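Participant: Structure for the following, please:
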Amino acid sequence: MSITDVLSADDIAAALQECQDPDTFEPQKFFQTSGLSKMSASQVKDVFRFIDNDQSGYLDEEELKFFLQKFESGARELTESETKSLMAAADNDGDGKIGAEGMSAPVRSIKHSSSGSIRESLGCEIQPM
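Facilitator: Residues are numbered from 1 along each chain as shown. As a prediction, this is how the structure comes out:
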(Lines give C-alpha, C1' and ligand atoms only; values in the text may rest on other atoms or scores of the structure.)
Protein backbone atom coordinates (compact mmCIF):
# COMPACT_ATOMS: atom_id res chain seq x y z
CA MET A 1 0.00 0.00 0.00
CA SER A 2 1.11 3.51 -0.78
CA ILE A 3 -0.17 6.49 1.17
CA THR A 4 -1.33 7.98 -2.14
CA ASP A 5 -3.71 5.04 -2.51
CA VAL A 6 -5.88 6.74 0.10
CA LEU A 7 -4.77 10.39 0.14
CA SER A 8 -4.22 12.85 -2.70
CA ALA A 9 -0.56 13.54 -3.50
CA ASP A 10 -1.43 17.24 -3.83
CA ASP A 11 -3.09 17.30 -0.39
CA ILE A 12 -0.10 15.54 1.16
CA ALA A 13 2.30 18.02 -0.48
CA ALA A 14 0.24 20.96 0.80
CA ALA A 15 0.13 19.54 4.34
CA LEU A 16 3.88 18.93 4.37
CA GLN A 17 4.53 22.43 3.01
CA GLU A 18 2.62 23.93 5.95
CA CYS A 19 4.90 22.23 8.47
CA GLN A 20 8.23 22.12 6.70
CA ASP A 21 9.99 24.18 9.38
CA PRO A 22 10.78 22.67 12.81
CA ASP A 23 8.12 23.24 15.47
CA THR A 24 5.43 24.20 12.95
CA PHE A 25 3.61 20.83 12.89
CA GLU A 26 0.06 21.17 14.18
CA PRO A 27 -1.82 17.85 14.15
CA GLN A 28 -5.24 19.41 13.57
CA LYS A 29 -4.04 21.48 10.62
CA PHE A 30 -2.09 18.56 9.14
CA PHE A 31 -5.07 16.20 9.40
CA GLN A 32 -7.32 18.76 7.70
CA THR A 33 -4.96 19.74 4.88
CA SER A 34 -3.86 16.19 4.10
CA GLY A 35 -7.45 14.99 3.87
CA LEU A 36 -7.20 12.60 6.82
CA SER A 37 -10.02 14.39 8.65
CA LYS A 38 -12.38 13.62 5.74
CA MET A 39 -11.72 9.89 5.89
CA SER A 40 -13.85 7.20 7.48
CA ALA A 41 -12.63 5.47 10.63
CA SER A 42 -11.68 2.38 8.60
CA GLN A 43 -9.66 4.50 6.15
CA VAL A 44 -7.84 6.18 9.05
CA LYS A 45 -7.01 2.70 10.37
CA ASP A 46 -5.54 1.82 6.95
CA VAL A 47 -3.31 4.90 7.16
CA PHE A 48 -2.42 3.94 10.74
CA ARG A 49 -1.27 0.50 9.60
CA PHE A 50 0.89 2.18 6.95
CA ILE A 51 2.51 4.42 9.59
CA ASP A 52 3.01 1.54 12.08
CA ASN A 53 6.55 0.54 11.02
CA ASP A 54 6.85 -2.57 13.15
CA GLN A 55 3.19 -3.61 12.67
CA SER A 56 2.81 -3.88 16.45
CA GLY A 57 -0.63 -2.28 16.37
CA TYR A 58 0.73 0.73 18.26
CA LEU A 59 2.73 3.85 17.50
CA ASP A 60 5.36 4.86 20.03
CA GLU A 61 7.31 8.13 20.18
CA GLU A 62 10.07 6.74 17.97
CA GLU A 63 7.59 5.93 15.20
CA LEU A 64 5.86 9.30 15.63
CA LYS A 65 9.19 11.05 15.19
CA PHE A 66 9.16 9.81 11.58
CA PHE A 67 5.42 10.49 11.07
CA LEU A 68 5.90 13.05 8.26
CA GLN A 69 8.37 10.79 6.45
CA LYS A 70 5.65 8.18 6.05
CA PHE A 71 3.83 10.70 3.86
CA GLU A 72 6.96 11.68 1.90
CA SER A 73 10.38 10.11 2.35
CA GLY A 74 12.20 13.45 2.11
CA ALA A 75 10.10 15.12 4.82
CA ARG A 76 11.70 16.20 8.07
CA GLU A 77 11.49 14.41 11.40
CA LEU A 78 9.14 15.79 14.03
CA THR A 79 10.87 17.62 16.86
CA GLU A 80 10.67 16.23 20.37
CA SER A 81 7.99 18.76 21.35
CA GLU A 82 5.94 18.00 18.21
CA THR A 83 6.21 14.27 18.88
CA LYS A 84 5.06 14.73 22.47
CA SER A 85 2.18 16.95 21.35
CA LEU A 86 0.97 14.36 18.85
CA MET A 87 1.33 11.61 21.46
CA ALA A 88 -0.62 13.61 24.03
CA ALA A 89 -3.41 14.26 21.54
CA ALA A 90 -3.90 10.60 20.65
CA ASP A 91 -2.67 8.50 23.60
CA ASN A 92 -6.04 7.71 25.17
CA ASP A 93 -4.80 5.82 28.21
CA GLY A 94 -1.44 7.46 28.89
CA ASP A 95 0.59 4.32 28.20
CA GLY A 96 2.98 6.08 25.80
CA LYS A 97 1.54 4.32 22.75
CA ILE A 98 -1.18 5.14 20.25
CA GLY A 99 -3.43 2.38 19.00
CA ALA A 100 -5.47 2.56 15.81
CA GLU A 101 -8.50 3.72 17.80
CA GLY A 102 -6.39 6.38 19.48
CA MET A 103 -5.24 7.71 16.14
CA SER A 104 -8.74 7.67 14.73
CA ALA A 105 -10.19 9.73 17.59
CA PRO A 106 -8.25 12.98 17.03
CA VAL A 107 -8.45 12.70 13.26
CA ARG A 108 -12.19 12.11 13.31
CA SER A 109 -12.85 14.70 16.04
CA ILE A 110 -11.57 17.41 13.70
CA LYS A 111 -14.21 16.49 11.16
CA HIS A 112 -16.92 17.05 13.73
CA SER A 113 -15.38 19.98 15.60
CA SER A 114 -16.10 23.38 14.13
CA SER A 115 -13.71 25.26 16.38
CA GLY A 116 -11.10 24.77 19.06
CA SER A 117 -7.87 22.89 19.12
CA ILE A 118 -7.39 19.16 18.91
CA ARG A 119 -6.63 19.20 22.63
CA GLU A 120 -9.94 20.94 23.33
CA SER A 121 -11.77 18.47 21.10
CA LEU A 122 -10.30 15.59 23.09
CA GLY A 123 -10.38 17.29 26.48
CA CYS A 124 -6.59 16.88 26.80
CA GLU A 125 -4.06 19.19 28.37
CA ILE A 126 -0.44 19.20 27.32
CA GLN A 127 1.84 20.06 30.18
CA PRO A 128 4.85 22.30 29.47
CA MET A 129 8.19 20.54 29.54
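
Participant: Would you map the strands across the protein?
Facilitator: Applying DSSP state E to the chain gives strands spanning 58-59, 98-99.

Participant: which of the ones you listed is buried the deepest?
Facilitator: Across the strands of the chain, averaging neighbours per residue (mean count of other C-beta atoms under 10 Å) puts strand 98-99 on top, at a mean of 24. From N, CA and C alone the C-beta is placed, and that goes for glycine too.

Participant: thinking again about what came up before, least reliable of the strands of the chain going by mean pLDDT?
Facilitator: Lowest mean pLDDT within those: strand 98-99, at a mean of 92.

Participant: just checking, what packs against that one?
Facilitator: Packing partners of strand 98-99 (3 or more C-beta pairs under 8 Å, 6 or more residues apart in numbering; DSSP states H and E): strand 58-59.

Participant: Please compute how far the strand it packs on lies from its chain's middle.
Facilitator: Relative to its chain's centre, strand 58-59 lies at 12 Å (C-alpha atoms, centre = their mean, to the nearest Å).

Participant: now do stretch 47-54
Facilitator: Taking C-alpha atoms, centre = their mean, one finds stretch 47-54 lying 11 Å from the centre of the chain it belongs to.

Participant: Ok, which of the strands of the chain comes nearest Arg76?
Facilitator: When the strands of the chain are compared by C-beta to C-beta, strand 58-59 sits nearest Arg76, at 17.8 Å.

Participant: by contact count, what packs against the closest one?
Facilitator: strand 98-99.

Participant: any residues touching the strand it packs on, and which ones?
Facilitator: Contacts of strand 98-99 from elsewhere in the structure, counted by C-beta atoms under 8 Å, 6 or more residues apart in numbering, are 57-60, 64, 87, 90-92.
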